[in-house]
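Trainee: Give me a 3D structure for the following:
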Amino acid sequence: MAAVTAAGQSVEEQAQVCATCHGDNGLPKMPEVPIIWGQHEGYIYIELKDFKSGARKSDIMQPFAAAMEKADMLALAKYFSEKEWPRTGYQTTDVDLRAGERIAKSGMCTQCHLGGYLGTGTIPRAGGQTEPYLHKTLLDFKTKVRGNNPDKSTLLASYSDEDLAAMARYLAGQQAQ
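Mentor: Have a look, this model is predicted:
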């Protein structure tokens, strides 16, 4: 029996709306859309809550999140977290590998995102995410366009745009399961 959300739809029905951008097979249909299949339940819930409150801005996501009740957000977070993380096939170059390792070490990225950048709980998986999404996200944190994690903005402000582009390419190539 499918779980029914507060909106009166099954989780699968609500997830079909998400698939419009995030994809039917876990790979996003647009380059700057994140992979949510296999992402951590706690992280997905927090981001939906932040979209609803306006703490995280998105002209696309805010209307969807605004219509959701807490139960909807929790159900969707659970649903997507139980999916298998898709492989993008992205390959990091040796240059980006060295740059990414240097930046990750200086920024102590694995302290929160863990080895392989798999994250945990409310810390997102960044390894294997799409490169365009990662790049946009890193720049959005740096410039405070994305304001739902001020500590991340402070950290990323210390890096050049070129470093953040290299870091995005590095993280995109981290395909550990």
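Trainee: gap between the residue nearest the centre of the chain and Met108?
Mentor: With distances taken as C-alpha atoms, centre = their mean, Pro34 lies nearest the centre of the chain, 5.1 Å away. Look at Pro34 and Met108: by C-beta to C-beta, to the nearest Å, they are 23 Å apart. Placement of C-beta: from N, CA and C, glycine included.
Trainee: And Glu131, by the same measure?
Mentor: Distance from Glu131 to Met108, counting by C-beta to C-beta: 22 Å.
Trainee: Comparing these two, which residue is more hemmed in?
Mentor: Using other C-beta atoms under 10 Å, the more surrounded residue of Glu131 and Met108 is Glu131, with 20 against 10.
Trainee: For that one, which residues are in contact?
Mentor: By C-beta atoms under 8 Å, 6 or more residues apart in numbering, the residues touching Glu131 are Tyr90, Ala168, Arg169, Leu171, Ala172.
Trainee: which of those residues tops the neighbour count?
Mentor: Across the contacts of Glu131, the neighbour count under other C-beta under 10 Å reaches its highest value at Leu171, namely 29 neighbours.
Trainee: Just the local confidence number for the nearest residue to Arg56 once chain neighbours are set aside, please.
Mentor: The spatially closest residue to Arg56, leaving aside those adjacent along the chain, is Asp50, at 3.8 Å (C-beta to C-beta, 6 or more residues apart in numbering). The pLDDT attached to Asp50 in the predicted structure is 97.
Trainee: Asp50 is in contact with Asn148, isn't it?
Mentor: Yes. Under the criterion of C-beta atoms under 8 Å, Asp50 makes contact with Asn148 at 4.7 Å.
Trainee: Overlap of the contact sets of these two?
Mentor: Shared contacts of Asp50 and Asn148, counting by C-beta under 8 Å, 6+ apart, come down to Arg56.
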